[in-house]
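**Student:** sequence? don't have it. structure:
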């Protein structure tokens, strides 16, 4: 493997995580191999799960909330007739039950009740915090605390193959949905119980597993080759948001923390702190922000909330006739 340095990459790295390492383990490896101290993952995958793990690099870590809520697609295998403490194969077996009364038609019919808007109680063995402590740590001490149900949405539940007591599935759902809890609840509704024995994430909208590097690639390829295989530049990754083009004076004012007036075009006004990408005339992302109403029907104020480092301007913010602000300020290195 070459040790050649590459320019710092800013964007997302799509990785195909194997079962075994934690999502944090993978991020640590990315930081070390790509020499990128700023890195953070989107959407935790349990150690036993594999598939698409998106890692934000550099200034893209400041935009992580933009991609957090995307719909997810998973493929996995459910095993009926067993209940465990973790709702998957990693936990302690609590009970074995007969599956004699279970058949394919009952399974298909019962799963229909889990499509749509659902109230889901998160599992005790999870990374969620209750009163400042992670649930899995409480579970290791034998505690079972009350958890508030969360609203989740299952858009599609497809059975890929059924050979009871096992069945393979594909589920498309909202971010934050616990698939092993879906399988556990389905098993309880049917009677014999069920656990998740295999899980792979194939999509985290709008990104898919088909454009990803493997964790092994981090060891055998150069950083540039890894980025070429699984890298999604920030400008491209932010295309999921509407954008507003800023001319040079407006870009400069936004970089100084100002609120220039612009033509909003098709971008929403009052859409939230990260509802719009502010781009320069070449299309380069400068900041995330929102538009707010002005006295003019066809103009809106730009309110930058996350300004990327290359767009920040510092210095004295004073305008003199005939002198551009650039003459009074310097971009941050």
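**Tutor:** Happy to help now that I have it. Being a predicted model, the structure only gives us computed values, none of them experimental.

**Student:** Quick check: residue 281 is in a helix.
**Tutor:** No - Residue 281: not assigned to a helix; according to DSSP: H, G, I helix; E, B strand; the rest coil it is coil.

**Student:** my read: it touches residue 247, true?
**Tutor:** Yes - using C-beta atoms under 8 Å, residue 281 is in contact with residue 247, at 6.4 Å. Where C-beta positions appear, they are placed from N, C-alpha and C, glycine not excepted.

**Student:** And the contacts of the helix or strand where residue 73 lies?
**Tutor:** Using DSSP states H and E, residue 73 maps to strand 72-80. For strand 72-80, contacts defined as C-beta atoms under 8 Å, 6 or more residues apart in numbering pick out 43, 51, 89, 99, 102, 160, 164-175, 177, 179, 183, 186-187, 190, 192-205.

**Student:** Sort out which of those residues are buried, if you could.
**Tutor:** Neighbour counting by 16 or more other C-beta atoms under 10 Å classes 43, 51, 89, 99, 102, 164-169, 171-175, 177, 179, 183, 186-187, 190, 192-204 among these as buried.

**Student:** Among these, which ones are in helices?
**Tutor:** Counted as lying in helices by DSSP state H, out of the buried ones among the contacts of strand 72-80, are 179, 183, 186, 187, 190.

**Student:** wait, which of those residues is closest to residue 299?
**Tutor:** residue 179 (46.4 Å; C-beta to C-beta).

**Student:** who does the helix or strand where residue 16 lies pair up with?
**Tutor:** Per DSSP H and E: residue 16 is located in strand 11-17. Strand 11-17 has the following strand partners under DSSP bridges: strand 50-57 (antiparallel), strand 213-214 (parallel), strand 231-233 (antiparallel).

**Student:** most tightly surrounded among those?
**Tutor:** Greatest average neighbour count among those goes to strand 50-57 (a mean of 24), per mean count of other C-beta atoms under 10 Å.

**Student:** following that one, which helix or strand shows up next?
**Tutor:** Counting by DSSP H and E, what follows strand 50-57 is helix 64-68.

**Student:** Which elements pack onto that following helix?
**Tutor:** Other helices and strands packing on helix 64-68, by 3 or more C-beta pairs under 8 Å, 6 or more residues apart in numbering; DSSP states H and E, are strand 39-42, strand 50-57.

**Student:** Any idea which of the ones you listed has the lowest pLDDT on average?
**Tutor:** Per-segment mean pLDDT for the helices and strands packed on helix 64-68 reaches its minimum on strand 39-42, at a mean of 92.

**Student:** picking that back up, can you put the strands paired with strand 11-17 in TSV and add distance to residue 112?
**Tutor:** TSV is the format used below for the strands paired with strand 11-17 (distance: least, C-beta to C-beta, whole Å):
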stretch	distance to residue 112
strand 50-57	25
strand 213-214	36
strand 231-233	36
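
**Student:** and of those, who's closest to residue 81?
**Tutor:** strand 50-57 (24.3 Å).

**Student:** Now do that closest one: everything it contacts.
**Tutor:** Outside strand 50-57, the residues that reach it (C-beta under 8 Å, 6+ apart) are 8-19, 23, 26-27, 30, 34, 36, 38-43, 45, 63-64, 67, 74, 199-204, 207-209, 212.

**Student:** Can you give me the neighbour number for residue 158?
**Tutor:** When neighbours are counted by other C-beta atoms under 10 Å, residue 158 registers 11.

**Student:** thinking again about what came up before, make CSV from the helices and strands packed on helix 64-68 and add distance to residue 301 to it.
**Tutor:** Listed next are the helices and strands packed on helix 64-68 as CSV, based on distance: least, C-beta to C-beta, whole Å:
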stretch, distance to residue 301
strand 39-42, 30
strand 50-57, 28
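
**Student:** Select, out of those strands, the one closest to residue 137.
**Tutor:** strand 39-42 (20.1 Å).

**Student:** Look up phi and psi at residue 158.
**Tutor:** Main-chain dihedrals, residue 158, degrees, to the nearest 10: phi -120, psi 130.

**Student:** Show the pLDDT at the closest residue to it other than its chain neighbours.
**Tutor:** Nearest residue to residue 158 in three dimensions, chain neighbours excluded: residue 170, at 4.5 Å (C-beta to C-beta, 6 or more residues apart in numbering). Looking at residue 170, its pLDDT is 98.

**Student:** was I right about residue 170 contacting residue 156?
**Tutor:** Yes - in this structure, residue 170 is within contact of residue 156 by C-beta under 8 Å, at 7.5 Å.

**Student:** buried residues in stretch 143-153?
**Tutor:** Result for stretch 143-153 [16+ other C-beta under 10 Å]: buried residues 150, 152, 153.

**Student:** will you turn those into TSV that also has pLDDT and secondary structure?
**Tutor:** Formatted as TSV, those follow (pLDDT from 0 to 100; DSSP: H, G, I helix; E, B strand; the rest coil):
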residue	pLDDT	secondary structure
150	91	strand
152	96	strand
153	97	strand
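
**Student:** can you tell me how far residue 12 sits from residue 240?
**Tutor:** 11 Å (C-beta to C-beta, to the nearest Å).
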